[in-house]
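> Kindly generate the corresponding structure for this input.
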Amino acid sequence: MKNRLDRLAQHDNVLGAILFIIVFGVYQITMCPTVSFTDSGELATVATTLGIAHPTGYPLWTLIGRLAVMIPLATREIIRLNELAGLLTALAVGFFFKLILIFYRSQKVFRFKRTDSSETRQWIPVFSAFVTASTLGFSSTMWAQSVEIEVYALHALLVMLTMIFFVAGIDQQLSEPGQISRRLLLFSFVLGLSFTNHMTTVLLAPGFLYLFFASFGFNKRSWQLIALFVPFFLLGLSVYLYLPIRSAAGPLLDWGHPATLERFWWHVTAKQYQTWMFAGSAVIWKQTGYFVTNFPTEFGWFVIPFLLVGFIETAVRSKRLLLFLVLLFVACLGYTVNFDIHEIDPYFILAYLACASFLAIAVKVLLEWSSERKTWVYTVLLVLIFVALPVIQVINNRDDVDQSQNYESVDFVQNVFSQLEPNAVVFSSLWDYFISPSYYDQLVRGIRPDVTIVDEELLQNRTWYFIQLERNHLGLLDNSKVEVDAFLAELKKFENGEPFEFETIKSRWNDLLEGMVATLLTRHPVYVDVRIANAFPGNFQRVPQGLLVRLTAKGQDAEWKPIRKRLVGGTFSDYVTSDLKLYYATMYTYHSYWLLTKKRLVEATECLREALRVYPSYAPALNLRAHLVGEE
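Residues are numbered from 1 along each chain as shown. Here you go, the predicted model:
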């Protein structure tokens, strides 16, 4: 039996392919069938139309996504892109399997203290790598990257490939010191490519620099090697040239307009998000707390003792591997807990990768321990426990990641579009489930091209957004040129870090909103989402129509329209679905207040009932209900 397992273990590439097929198959079952939340619609549009995505631009992902949508299949572009996410994530899992095996086999790099008996059991390291990769693949964060279009699936894959080529390249260079390792040259190129997808690739640097200099020494020869790698790194990094070249061509989506050197630098360094980075101790405590409390749900409580075993075993057998993995973990955690955003989970991927490596070592050492005692009962029991790890992951995490029935953002957009008058202009702050998915519907599928959607947050904070609006919606700003120019003059001061007066920029912003709406109302129906309705001057009438509020000039009539389609909701739940429910409840309550002013008690009561069905704890709806009951 042992010999058969050892022979099977020799075919680790085949086992890696089997792992990929298994993981990819499960991912397909839980894949979102349409546009999901947040950046899904924007990224799908960017890939399909070759546009510019939000910082840092993600040019490599954009080009790969474009290749995916060009495949002649009888499916919509979003399906192909969601499939691509599953494919890339499954490949990342398969290459993590290979990475663990490379850790084990790189004796010259990590200088393992091995026993003779352990080296003869070839099936044990392969088995440990297989079950650990499966466990990582079905962790909630890794699995979540496979079900919808996002940049983190490609990031995970590139991190795995970079680490494989790096460790294997060092091992090859140490084995053949008289030649330059081709694997290290390939590593340099892939590292450059990885930066063109996600800048958090830089978090690999502490671990990589330590391992490189620990292997070759801190000397002239090491720096000469690094100098040889620089041209290949720059070649990979050159994919970033896509941004200024494409931006100058005027794409439909041109986030940041990085056509100049200054704007290019702002974009790739994510200048607009730097206010959320290193924002203070409160953010550190919040994100650290989230990581700690979420970790058991990521891998399960049952895995934590094995991680401790793996950590101790690594410390005993290879101090170099221990420090390498610890540096990866600390760099990832140290950066990520300083980033104040909701969608923080994918930024922990490198830390989870380090933890999964310790898990693999624990599985390996425990099986070696049982095998050395020649007690097959212990070995079989441990094998069954370890095989159960990925199965338990699937059971525990599926409900948290399954988007197979997630049509909520599509339903929201269709609900809004179905009740808009022709040639409507919509001011909105709802990026996650309206603005982003509407890009896909309008610019890719050609649905309601007559509607102009204005992102209120970008209009208020980004000068480049006016360039995109003028390019895509000719004449939209023509009659507001005075107000636009006055506001932009102040906004540029803010954007360039120059002194500005808050009251002045606020006043110019109010003038811009009032001027834009006043001129637009002469030619277009104008709508706003309920969350920003009060930001517009009070000299406009407000009438609830479906999921939006219609603005009209004084004396201009507008018909009330109920929300046509109720929010059903699905099994998938996160902060966006919670916010979506809150928005529905807010809008229903707004309808109810408005109807009460018109003495339409029956309809107002029905809207209030619907608000509490969607969000039972919504305080304004509860207060209004108490008021109505009191009046009765």
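> quick one: buried residues of stretch 405-412?
By neighbour count on 16 or more other C-beta atoms under 10 Å, the buried set for stretch 405-412 is N406, Y407, E408, S409, V410, D411, F412. C-beta coordinates here come from the backbone N, C-alpha and C atoms, glycine included.
> For S194, give its distance to T162.
Taking C-beta to C-beta, to the nearest Å as the measure, S194 falls 5 Å from T162.
> Then M199?
From M199 to T162 the distance is 14 Å (C-beta to C-beta).
> thinking again about what came up before, quick check: neighbours shared by S194 and T162?
Common contact partners of S194 and T162 (C-beta atoms under 8 Å, 6 or more residues apart in numbering): T201.
> can you give me the strands in the stretch 151-300 of the chain?
Along the stretch 151-300 of the chain, no segments are classed as strands by DSSP state E, counting those that start in this stretch.
> for it, what spans make up the helices?
Remark: helices assigned in the stretch 151-300 of the chain by DSSP state H, counting those that start in this stretch are 152-175, 182-195, 205-216, 220-237, 242-248, 261-268, 281-299.
> about what we covered before: if you count surrounding residues, which of M199 and T162 has more?
Using other C-beta atoms under 10 Å as the criterion, M199 and T162 rank with T162 on top: 24 against 17.
> Now, the buried residues of stretch 405-412 that are in helices?
E408, S409, V410, D411, F412 (DSSP state H).
> can you put those in a markdown table and add pLDDT and distance to H591?
Listed next are those as a markdown table, based on pLDDT from 0 to 100; distance: C-beta to C-beta, whole Å:
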| residue | pLDDT | distance to H591 |
| --- | --- | --- |
| E408 | 93 | 20 |
| S409 | 94 | 22 |
| V410 | 94 | 23 |
| D411 | 94 | 18 |
| F412 | 96 | 16 |
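> any idea which of the residues you listed is closest to G178?
Lowest distance from G178 to these (C-beta to C-beta) belongs to S409, with 58.0 Å.
> picking that back up, which of the buried residues of stretch 405-412 sit farthest apart?
Longest span within these, C-beta to C-beta: N406 and F412, 11.6 Å.
> Let's have the ones in helices among the buried residues of stretch 405-412 in TSV, adding distance to L211.
Shown next, in TSV, are these (distance: C-beta to C-beta, whole Å):
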residue	distance to L211
E408	45
S409	43
V410	46
D411	50
F412	48
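> Secondary structure of V454: a strand, I assume?
Yes. Read with DSSP: H, G, I helix; E, B strand; the rest coil, V454 is one of the residues of a strand.
> Name the next helix or strand following the least confident helix or strand in the chain by mean pLDDT along the chain.
Lowest by mean pLDDT, DSSP states H and E among the helices and strands of the chain is helix 116-119, with a mean of 46. The first helix or strand that comes after helix 116-119 along the chain, using DSSP states H and E, is helix 123-137.
> next one: that next one to chain centre, how far?
26 Å (C-alpha atoms, centre = their mean, to the nearest Å).
> between that helix and helix 152-175, how big is the angle?
150 degrees (axes from the mean of the first three to the mean of the last three C-alpha atoms, to 10 degrees).
> Can you dump the C-alpha atoms of helix 123-137 in CSV for me?
What follows is helix 123-137, C-alpha atoms only, in CSV (Å, rounded to 0.1, in the frame of the first residue of the first chain):
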residue,chain,number,x,y,z
TRP,A,123,3.0,10.3,-0.3
ILE,A,124,2.9,12.3,3.0
PRO,A,125,4.1,15.7,1.7
VAL,A,126,2.0,15.4,-1.4
PHE,A,127,-1.1,14.5,0.6
SER,A,128,-0.4,17.3,3.1
ALA,A,129,-0.1,19.8,0.2
PHE,A,130,-3.3,18.5,-1.4
VAL,A,131,-5.6,18.7,1.6
THR,A,132,-4.1,22.1,2.7
ALA,A,133,-4.6,23.6,-0.7
SER,A,134,-8.2,22.3,-0.7
THR,A,135,-8.7,23.8,2.8
LEU,A,136,-7.4,27.2,1.6
GLY,A,137,-9.4,27.0,-1.6
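> one step back: which one of the helices of the stretch 151-300 of the chain lies closest to R320?
Of these, the one closest to R320 (C-beta to C-beta) turns out to be helix 205-216, at 5.9 Å.
> And A9, what's its pLDDT?
Looking at A9, its pLDDT reads 58.
> what number of residues lie near the nearest residue to L389 once chain neighbours are set aside?
In this structure, L389 finds its nearest non-sequential neighbour in T135, 4.7 Å apart by C-beta to C-beta, 6 or more residues apart in numbering. When neighbours are defined as other C-beta under 10 Å, T135 has 27 of them.
> give the contact list for T135.
F299, V303, A356, L359, L389, P390, Q393.
> Now do it against V292, distance only.
20 Å.
> do the same with W266
34 Å.
> neighbour count winner among the two?
W266 (20 against 9).
> which residues does that one contact?
W266 touches P55, G256, P258, Q272, counting by C-beta under 8 Å, 6+ apart.
> Are we agreed that the first one is in a helix?
It refers to P55. No. Counting by three-state DSSP, P55 is not found in a helix; it is coil.
> ranges for the strands of the stretch 401-550 of the chain?
Going by DSSP E, counting those that start in this stretch, the stretch 401-550 of the chain shows strands at 425-428, 452-455, 526-528, 540-545, 548-553.
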